[in-house]
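Chemist: Here is the input, now give the coordinates:
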Amino acid sequence: MVLLKIVITKKDNIKTIEGGFFRMNNFEFQAPTKLIFGADTISKVKDEIPKDKKILMTYGGGSIRKNGVYKQVMEALSEHTVLEFGGIEPNPKFETLMQAVEIVKKENIDFLLSVGGGSTLDGTKFIAAAAKYEGDPWEILLNGGAKIKDAIPLGDIITLPATGSEMNNGAVISKLETKEKLAFHSNFIYPKFSIIDPKTTFSLPEKQTVNGIVDTFVHTMEQYATYDVNTPLQDEWMLGLIKTLMTEAKKVLHNPNDYEARANVFWCATCGLNYWMSLGCVQDWSTHMIGHELTALYGIDHGESLAVVLTRVWKNRKNDKMNKLAKMAVEVFGANDFLPKNILADITIKKTKKFFESLGRRTKLSDYGIDKIEAAKLISERFKERNCTLGEKSNITPDEVYKILMDC
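Modeler: Numbers count the residues shown, from 1 in each chain. Here you go, the predicted model:
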């Protein structure tokens, strides 16, 4: 028997094992959200919220009125007390959400129901936490949710496959005043239930559909494309999701009313960020962190920012991610596994970029009228001010962020 010694370095918390071997990280997992998935399931909301609860229903720009979802919800909750708060933006704004927090406190709301996409749900998670938070609610974002001690219970009817927020404990919020976009996590903000009716996605504009597909793809890659810690089952799950997503995406774009394809894409989005695929793995998230800054500073869609940044991060960190990218080239893109790993990694980078472009997503900052020199300076300086390094090895320094953006 060979004894392997795990060493955790204090600098970057990277686990290495003497002798060059790696093993799956320890993990704990709990998935408290009840998922109700399928056609014509919205009416089930009436059974998930006790009638004695005073509900604040949150939503975005009003699309739920046009596609019939609002009517279905209100009919289902006809015996409940329901107040409404609309106007939650894509990339939900702190300033808007604080208006809802005041309503929650004034009206003694004791249940929140998010109806719409992931931005509405992320915003509702923040409302839930902020309404119970003692102190400045922006601290929730500054400390990543670590000081949350309670939250208003919430559930959702999710109508856009993208963020995976319907089955996780995270949210991302923007602040207009400072042009910041930050994330937080807390077990207090897991939805009690999430209702997913894929038919609600039939009327989505193609741009939103594509952004959601890109978001799901990149969520999965942030968890997969790292260094290997001997997680073969998780790797196969993630690569299987990517293959399914790419196949079903083509079907959805060809026929937006293809229920089966819509259902498969939605399930990919939910599984892409409900954490179960990455248990025991190491994770990256640098593409998201850089993308958040592009959205905060320049207003481009989240999916657009990810399509620009992901493959540039991979090029910059190719040596760190070589084995995973090479495996993906073979199993997803059908490359010959006898090719050298560095060539296979390049194939994955090239094919991923082509996939985004096949969806109609542009992949250069100049395509969005953004000066890459300006963006590289501004964003690298932000990370420098925060004393922040990114990536699964914490080796993407602000200087590396500058190089990545200069390649965008």
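Chemist: Would you map the strands across the stretch 151-300 of the chain?
Modeler: Taking DSSP state E, counting those that start in this stretch, the strands of the stretch 151-300 of the chain run over residues 154-158, 170-175, 180-185, 193-196.
Chemist: Centre of the chain to the third one, how far?
Modeler: Spelled out, that is strand 180-185. Centroid separation for strand 180-185 versus its chain: 12 Å, with C-alpha atoms, centre = their mean, to the nearest Å.
Chemist: ok, the spatially most central residue of the chain - contacts?
Modeler: By C-alpha atoms, centre = their mean, the chain has its centre lying nearest to residue 163, at 4.0 Å. Residues near residue 163 by C-beta atoms under 8 Å, 6 or more residues apart in numbering: 117-119, 121-122, 215, 269, 273. Glycine gets a C-beta too; all of them are placed from N, C-alpha and C.
Chemist: Identify, from those residues, the entry nearest to residue 283.
Modeler: Closest approach to residue 283 among these (C-beta to C-beta): residue 273, at 10.9 Å.
Chemist: Am I right that that closest one is in contact with residue 166?
Modeler: No: using C-beta atoms under 8 Å, residue 273 is not in contact with residue 166, being 9.2 Å away.
Chemist: now the nearest residue in space to residue 161 that is not next to it in sequence: how far from residue 322?
Modeler: Spatial nearest neighbour of residue 161, excluding adjacent residues (C-beta to C-beta, 6 or more residues apart in numbering): residue 269 at 3.5 Å. Look at residue 269 and residue 322: by C-beta to C-beta, to the nearest Å, they are 28 Å apart.
Chemist: out of these two, which sits in the busier spot?
Modeler: residue 269 (30 against 17; other C-beta atoms under 10 Å).
Chemist: related to what we said a few turns ago, who wins for neighbours among the contacts of residue 163?
Modeler: residue 121 (32 neighbours).
Chemist: need the contact list for it.
Modeler: Going by C-beta under 8 Å, 6+ apart, residue 121 touches 114, 156, 158, 163, 165-166, 171, 191.
Chemist: Can I take it that it is in a helix?
Modeler: Yes: Residue 121 forms part of a helix when assessed by DSSP: H, G, I helix; E, B strand; the rest coil.
Chemist: From residue 194, how far off is it?
Modeler: On the measure of C-beta to C-beta, residue 121 and residue 194 end up 8 Å apart.
Chemist: Residue 241 now?
Modeler: From residue 241 to residue 194 the distance is 18 Å (C-beta to C-beta).
Chemist: before we move on, what about residue 61?
Modeler: Going from residue 61 to residue 194 by C-beta to C-beta gives 21 Å.
Chemist: Neighbour count for those two, which is higher?
Modeler: Between residue 61 and residue 194, counted using other C-beta under 10 Å, the more crowded position is residue 194 (23 against 16).
Chemist: so what's the more buried one bridging to?
Modeler: Note on residue 194: beta-bridge partners by DSSP bridges are residue 35, residue 156.
Chemist: Give me the number of neighbouring residues for the closest residue to residue 296 other than its chain neighbours.
Modeler: Spatially, and ignoring its direct neighbours in sequence, residue 296 is nearest to residue 181 (4.0 Å; C-beta to C-beta, 6+ apart). By other C-beta under 10 Å, the residues close to residue 181 number 25.
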